[in-house]
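**Q** got a predicted model here, sequence first, then my questions.
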Amino acid sequence: MAELYSLDVKTGEEKKLTGFNDEYLDSHEVIAPESFRYEGKNGYTMEGYVIRPAGYEPGKKYPAVLEIHGGPKGVSGGVFFHEMQCLASDGYFVIFSNPRGSDGRGEAYADITEAFGRDDFADLMEFTDQALAHCPDIDEKRVGICGGSYGGFMCNWMIGHTDRYGAAVSQRSISNYATKCLYTDIGYYANRLQMEAYPWEDFHKVWSMSPLSGAVNAKTPTLFLQSDEDYRCWMGDAIQMFSAVKRQGTDAKLVLFHGENHELSRSGKPENRMTRLKELEEWFEKYLKN
């Protein structure tokens with residue numbers, strides 16, 4: 001929760017006026033993200049971040065979760081993010097970066113039109129390798145993935161194109177661009193912005209860039225978290241991907257939040273926000289710890 005401060009404009013002195021978080025911070029550890037850089041195969045100097053688990057003991061092996069931001073023109077950085085802190089408190093390394101498609105590095109870097117699931121996927125796979133090298137205490141057999149909106153798209157894409165991750169949590173996600181463009185509140189022109197094609201013009205292209213096309217290969221246990229009033233990424237996409245993954249015999253679970261929308265994790269009803277985190281934590285507990 002945000003705190004209120006006063007600022008003396010003459011001296012620059014700040015004075016804290018509220019203490020909403022004091023009791024919580026007395027009993028919980030907030031861990032600052034660390035950054036590291038490496039030369040990416042994409043020709044860019046890449047920056048990654050890691051939050052170490054609470055009570056971290058060097059030499060001990062820990063599970064990890066790769067968090068993928070939304071957008072794709074979102075940006076991750078060294079700032080407080082509640083979900084990541086919850087995972088770190090539960091004993092996970094949390095790793096995250098800004099693959100191609102992210103904002104903050106110019107238009108050429110951010111423009112992945114017609115390259116969704118290709119350039120970004122390659123960057124995230126390489127980042128996982130780099131994070132494992134940077135943090136040798138991560139158990140490479142116990143790494144999960146998690147993301148919402150575009151991050152949910154990437155989770156859906158990744159489970160159909162690699163089996164290196166032990167579990168996935170896909171939130172408010174995208175799975176089928178052939179149908180999404182017909183019911184998203186962004187408008188049907190979203191497909192033109194992202195892949196330069198509508199399904200009635202080039203169905204093969206649209207389908208090949210849809211995570212649902214790779215669901216036949218999904219072997220990663222996946223939890224789908226979805227709101228039934230999310231018109232940005234409608235529940236139809238989560239239901240399609242859940243059904244397809246389940247059909248392959250892969251463990252999957254769909255949790256649907258009634259009366260919530262795309263902002264569940266940020267401004268949903270408190271009880272639903274708590275349930276969302278509980279479901280997420282229990283899924284990773286089941287597959288990355290047990």
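**A** Noted; the coordinates are in hand. Predicted, not measured: the structure shown is a model, and the values here were computed from it.
**Q** and Tyr92, how many neighbours?
**A** Residues lying near Tyr92 (other C-beta atoms under 10 Å) number 27. In short, each C-beta sits where N, CA and C put it, glycine included.
**Q** how close does it sit to Leu256?
**A** Distance, Tyr92 to Leu256, by C-beta to C-beta, to the nearest Å: 26 Å.
**Q** the helices in the stretch 151-290 of the chain, which residues?
**A** Here the stretch 151-290 of the chain has its helices, by DSSP state H, counting those that start in this stretch, at 177-180, 190-195, 203-208, 235-247, 264-267, 270-284.
**Q** contacts for the fifth one next, please.
**A** Contact partners of helix 264-267, identified using C-beta atoms under 8 Å, 6 or more residues apart in numbering, comprise Glu83, Gly148, Gln171, Arg172, Leu225, Ser227, Asp230, Phe257, Asn272, Arg273, Arg276.
**Q** mind listing which of these are in strands?
**A** Here DSSP state E is the test, and the contacts of helix 264-267 give Gly148, Gln171, Leu225, Ser227, Phe257 as lying in strands.
**Q** in a markdown table, list those along with distance to Arg266 and neighbour count.
**A** Shown next, in a markdown table, are the ones in strands among the contacts of helix 264-267 (distance: C-beta to C-beta, whole Å; neighbours: other C-beta atoms under 10 Å):
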| residue | distance to Arg266 | neighbour count |
| --- | --- | --- |
| Gly148 | 10 | 27 |
| Gln171 | 12 | 27 |
| Leu225 | 13 | 27 |
| Ser227 | 12 | 27 |
| Phe257 | 13 | 22 |
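**Q** for those, which one is nearest Thr250?
**A** Leu225 (17.0 Å; C-beta to C-beta).
**Q** name the nearest residue to the closest one, ignoring sequence neighbours.
**A** Distance criterion C-beta to C-beta, 6 or more residues apart in numbering; nearest residue to Leu225, sequence neighbours excluded, is Gln171 at 4.4 Å.
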